[in-house]
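[1] Make a model of this:
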Amino acid sequence: MSSKVKETSGSSRPPGPVPAPTPPAALAAKVRTLAPSMTRSMQRVAEAVAGDPAGSAALTVTGLAERTGTSEATVVRTARILGYPGYRDLRLALAALAAEQAAGRAPAVTADIAVDDPLASVVAKLAQEEAQCLADTAAGLDTAALEAAVAALAGARRIDVYGIGASNLVGQDLVQKLLRIGLIAHAPGDPHLAVTNAVQLGSGDVAIAITHSGRTTDVIEPLRVAFERGATTVAITGRPQGEIAQYADHILTTSSARESELRPAAMSSRTSQLLVVDCLFIGVAQRTYERAAPALSASYEALAHRHDPRDRR
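    Presented below is the predicted three-dimensional model:
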């Protein structure tokens, strides 16, 4: 176990690679993901550019500030949060997105589910929203961060996964996959056990936190401990600007459909979290194929007789 304790104020770990600018097709997804964590003035800018990319692309920074009732500084800050170096880059992306929309390649608009919707309509709307969540998450996923997380997992001595509620179910899914390819992984559901597990981590270990809000205390605390003990830390979150980010070496951003009374955030966020988990698992399996393939075969053979009654003799 590493005895080195990292400083979390002032001088933490060096920042990872700067993510590439958000591609035009991912702009609407990025707005849906990040808008809830923005200030109200920044939300107005984000909603304006996503709602009318062609009209916004035709405006100067001053013009967009006037249209949204904000300041030029707010417009520039919004552009940067959305993944662009400055407003000029955002305008270029907006022009490209407008061209895609004109060609009929605009993202579908998610639909709300009403209390009196027939089940056939519910099925169609849920399928549409799930597909949109997956598309948004894929479009906004930082592949450099994903590659780094996969590399850390592939060589990890031990892996801890922290999550509460529905996020813990996602963590359990990842742990089961990793165990089947021979990795040592745990997903404690009890927050106290998660912290005591984190204390045992060190250099060469990996800790993964799953929290849609990015501010779940019972998930942040064990990740902070793991971070300070020297483990490589990964956050799977829908709020990359949340508190969880200060203890994460690598951030994997998820998306979700709009929350409503009948569709809480836990439902839609779980869909995108599971996509990220599958991406991590497949990436690790690819990197460790010579070891993973025999482990998968062994686990399958060990359980085969439980799936086919004819093998029970």
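[2] What helices and strands are in contact with the worst-scoring helix or strand of the chain on mean pLDDT?
    Ranked by mean pLDDT, DSSP states H and E, the weakest helix or strand in the chain is helix 27-34, scoring a mean of 74. In terms of contacts (3 or more C-beta pairs under 8 Å, 6 or more residues apart in numbering; DSSP states H and E), helix 27-34 is packed against helix 40-51, helix 87-102, helix 119-140. C-beta coordinates here come from the backbone N, C-alpha and C atoms, glycine included.
[3] what would these look like in JSON lines with mean pLDDT and mean neighbour count?
    As requested, the helices and strands packed on helix 27-34 are exported to JSON lines (pLDDT from 0 to 100; neighbours: other C-beta atoms under 10 Å):
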{"stretch": "helix 40-51", "mean pLDDT": "89", "mean neighbour count": "19"}
{"stretch": "helix 87-102", "mean pLDDT": "84", "mean neighbour count": "18"}
{"stretch": "helix 119-140", "mean pLDDT": "83", "mean neighbour count": "17"}
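[4] Switch those helices over to CSV, and while doing so, append distance to residue 297 to every line.
    Shown next, in CSV, are these (distance: least, C-beta to C-beta, whole Å):
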stretch, distance to residue 297
helix 40-51, 47
helix 87-102, 44
helix 119-140, 29
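[5] Out of those, flag the one nearest residue 66.
    helix 40-51 (11.1 Å; C-beta to C-beta).
[6] From the chain's centroid, how far away is that closest one?
    22 Å (C-alpha atoms, centre = their mean, to the nearest Å).
[7] Now do the buried residues in the next helix-or-strand element following that helix.
    In the C-terminal direction, the helix or strand that comes right after helix 40-51 (DSSP states H and E) is helix 53-57. Using 16 or more other C-beta atoms under 10 Å as the test for burial, helix 53-57 gives 53, 56-57.
[8] swap in stretch 290-303?
    Residues of stretch 290-303 classed as buried: 292, 295-296 (neighbour count, 16+ other C-beta under 10 Å).
[9] ok, and what's touching it?
    With contact meaning C-beta atoms under 8 Å, 6 or more residues apart in numbering, stretch 290-303 is reached by 180-182, 284-285.
[10] Need the mean per-residue confidence for it.
    Per-residue pLDDT over stretch 290-303 has a mean of 81.
[11] mind checking how far stretch 271-290 is from the chain centre?
    On C-alpha atoms, centre = their mean, the centre of stretch 271-290 falls 13 Å from that of its chain.
[12] Would you mark the buried spots in that stretch?
    271-277, 279-281, 283-285, 287-288.
[13] Tell me if residue 117 really is in a helix.
    No - per DSSP: H, G, I helix; E, B strand; the rest coil, residue 117 lies outside any helix segment and is coil.
[14] per-residue pLDDT, it?
    Reading off the model, residue 117 has pLDDT 72.
[15] What is the burial count for it?
    Residue neighbour count, defined by other C-beta atoms under 10 Å, stands at 15 for residue 117.
[16] Is it correct that it is in contact with residue 125?
    Yes - in this structure, residue 117 is within contact of residue 125 by C-beta atoms under 8 Å, at 7.2 Å.
[17] Now do the shared contacts for these two.
    If you check residue 117 and residue 125 against C-beta under 8 Å, 6+ apart, no residue is contacted by both.
[18] Could I get the full set of strands for this structure?
    159-162, 185-186, 206-211, 232-237, 250-253 (DSSP state E).
[19] Would you give the sheet partners of the second one, along with the direction of each?
    According to DSSP bridges, the neighbouring strands of strand 185-186, each with its direction, are strand 159-162 (parallel).
[20] Okay, helices next: where are they in the stretch 201-313 of the chain?
    Ranges of helices in the stretch 201-313 of the chain, per DSSP state H, counting those that start in this stretch, are 217-229, 265-287, 289-307.
[21] Show me the one of those that comes nearest residue 137.
    helix 265-287 (3.9 Å).
[22] What is the neighbour count of the closest residue to residue 235 other than its chain neighbours?
    Nearest-residue entry for residue 235: residue 248, 3.7 Å, with adjacent residues in sequence omitted and distances by C-beta to C-beta, 6 or more residues apart in numbering. Residue neighbour count, defined by other C-beta under 10 Å, stands at 28 for residue 248.
[23] So residue 248 is in contact with residue 224, correct?
    No - taking C-beta under 8 Å as the definition, residue 248 is not a contact partner of residue 224, at 9.9 Å.
[24] Lovely, talk soon.
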